[in-house]
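Asks: Need the 3D shape of this:
(one chain, ligands or ions: 1)
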Amino acid sequence: MDPLEDTLRRLREAFGSGRTRPAEFRAAQLQGLGRFLKDNRQLLLDALAQDLGKSNFEAEVSEIAISQSEVDLALRNLQTWMKDEKVSKNLATQLDSAFIRKEPFGLVLIVAPWNYPLNLTLVPLVGAIAAGNCVVLKPSEISKSVEKVLAEVLPRYLDQSCLAVALGGPAETARLLEHRFDYIFFTGSPRVGKIVMAAAAKHLTPVTLELGGKNPCYVDDDCDPQTVANRVTWFRYFNAGQTCVAPDYVLCSPETRERLLPALQNAITRFYGDDPQGSPNLGRIISQKHFKRLQGLLGCGRVAIGGQSDESELYIAPTVLVDVQETEPVMQEEIFGPILPLVTVRSLDEAIDFINRREKPLALYAFSNSSQVVQRVLAQTSSGGFCGNDGFMHMTLASLPFGGVGASGMGRYHGKFSFDTFSHHRACLLRSPGMEKINDLRYPPYSPRNLRV
Ligand code: NAD
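Replies: Okay, here's the model as predicted:
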């Protein structure tokens, strides 16, 4: 038998046996995940450094600690999340029991990208396990070192009859997608998101699509340029700009642009030194292919800060571009690298119009000392998430759902939202077998008497 088919059959049998349903089993798996993170901390830090030149600080906060906190949150709340949810009743069901049961879907597929290769595999995995599913985990083949740890070490900490790690790239993922899953959770590009959704449609499999796009960042005239520059610099160049929620471009007036430029230069020098290439705090581009793509984008508009690159190290300097045209590639595609165009607009209205003429982004940012301005941007636009006066801090709250809207994706996760995403919400009504007299009112032959029910 084909090994893939054999694996899927084994996982289905494990799910069918009911093994994953008890809270004790789910908790034991989550504890295993926690032990994997603790026991292999250094191995994971090294793998993240090899794949992306990630500093220990960035790897800790954005990969290891965030995964651990999701494990801890799920363990603390598992019993409560699993409880049937009582719902309100109408007159006809007053004596019955009405509730929502959260039941596992069955066999779920999680497909992950390379930019946060640990976080974006483990955080969905926490939700899938907590909800009682069996899982096929497909890490990115591009972040090779992390893929190796996930394939070789992670399964030792989990029940292997309920989890399989699938390896490979587009061809292998396409083969996986030919099979029927009960749920597919995909994180990656909109292009591949469409392939996944089309494959899922063949089996009517529900999907969550966590996609990317261009996240606008509006900077109002009424702001402190250095504060804005510090925050924008940190979250644009974090992970060398390879973050799905990073600001893709800044929208501001020509006057604010002139105040922001020296402030951005100041922040870049403060964070990464006079020679950012020598800084241990700046990551590297994941691959030659992406390096070449980003190098091409450096030719758009005019370089105001940075612009240097070194292929031998897959290094691209923290770069700020000005005078870019809307038609240039840097304003057409998701940048996903350490390049920040500053686009000028004459007013807040023009900024809002600029944002609304494009696909709905995964995240949207507005900086202003005026809360009315922030509120206006929030009210007159749409995006997966929104943060006023900072970068991607909204996604550090597990109490907020994380996900896109429109072209940036569908569905949500993090914390309890993950548990709910990986659970079918089954509508249940348990009626009494007695008291048949009451039901007489609804049976034919109909007469005006029935309408009194
Ligand atoms: P990608 O879409 O190229 O790959 C994602 C996954 O799909 C990988 O596991 C890959 O092996 C698989 N894949 C690639 N091509 C495929 C094909 N033709 N058929 C089937 N499977 C295929 O994305 P990426 O380059 O790994 O990641 C970058 C993208 O992910 C960016 O667009 C970014 O914005 C997005 N992203 C989104 C989030 C989010 O949470 N919304 C988080 C991180 C990254």
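Asks: Next, the buried residues of stretch 316-329.
Replies: 316-322, 324, 328 (16 or more other Cβ atoms under 10 Å). From N, CA and C alone the C-beta is placed, and that goes for glycine too.
Asks: can you pull the contacts of the spatially most central residue of the chain?
Replies: The centre of the chain sits closest to residue 210, judged by Cα atoms, centre = their mean, with a distance of 5.2 Å. The neighbourhood of residue 210, defined by Cβ atoms under 8 Å, 6 or more residues apart in numbering, consists of 120, 185-188, 244, 402-404, 409, 411, 413.
Asks: tell me which of those is nearest to residue 98?
Replies: residue 411 (26.1 Å; Cβ to Cβ).
Asks: returning to what we had before: out of the buried residues of stretch 316-329, the closest to residue 65 would be?
Replies: Distances from residue 65 to those, taken by Cβ to Cβ, are shortest for residue 318, at 24.4 Å.
Asks: Angles on the backbone of the closest one, please.
Replies: phi -60, psi 120 (degrees, to the nearest 10).
Asks: wait, isn't it in contact with residue 307?
Replies: No. Judged on Cβ atoms under 8 Å, residue 318 makes no contact with residue 307 at a distance of 9.7 Å.
Asks: which element is residue 164 on?
Replies: strand 163-165 (DSSP states H and E).
Asks: Now do that strand, average pLDDT.
Replies: In this model, strand 163-165 has an average pLDDT of 98.
Asks: Same question for stretch 40-53.
Replies: Mean predicted confidence for stretch 40-53 is 98.
Asks: For it, what is the distance to the chain centroid?
Replies: Relative to its chain's centre, stretch 40-53 lies at 21 Å (Cα atoms, centre = their mean, to the nearest Å).
Asks: ditto for stretch 282-290
Replies: In terms of Cα atoms, centre = their mean, the centre of stretch 282-290 is found 20 Å from the chain centre.
Asks: Which of the residues in that stretch are classified as buried?
Replies: 282-286, 290.
Asks: again, but for stretch 397-415
Replies: For stretch 397-415, by 16+ other Cβ under 10 Å, it's 398, 401-415.
Asks: Kindly report the same for stretch 338-355.
Replies: 338-345, 348, 351-352, 354-355.
Asks: picking that back up, on contacts alone, who are the packing partners of the strand holding residue 164?
Replies: helix 3-16, strand 134-138 (3 or more Cβ pairs under 8 Å, 6 or more residues apart in numbering; DSSP states H and E).
Asks: From residue 116, how far off is whichever residue of the chain sits closest to the ligand?
Replies: Closest residue of the chain to the ligand, Cβ to the nearest ligand atom: residue 212 (1.9 Å). Computed with Cβ to Cβ, to the nearest Å, the distance linking residue 212 and residue 116 is 12 Å.
Asks: Residue 266 touches residue 229, doesn't it?
Replies: Yes. Between residue 266 and residue 229 there is a contact at 6.8 Å, judged by Cβ under 8 Å.
Asks: what about those two, which has more around it?
Replies: residue 229 (26 against 15; other Cβ atoms under 10 Å).
Asks: And the strand or helix carrying the more buried one, what does it pack against?
Replies: Per DSSP H and E, residue 229 falls inside helix 225-237. Helix 225-237 sits against strand 216-219, helix 254-272, strand 363-367, with contacts defined as 3+ Cβ pairs under 8 Å, 6+ apart.
Asks: Which of those has the highest mean neighbour count?
Replies: strand 363-367 (a mean of 28; mean count of other Cβ atoms under 10 Å).
Asks: Good, wrapping up.
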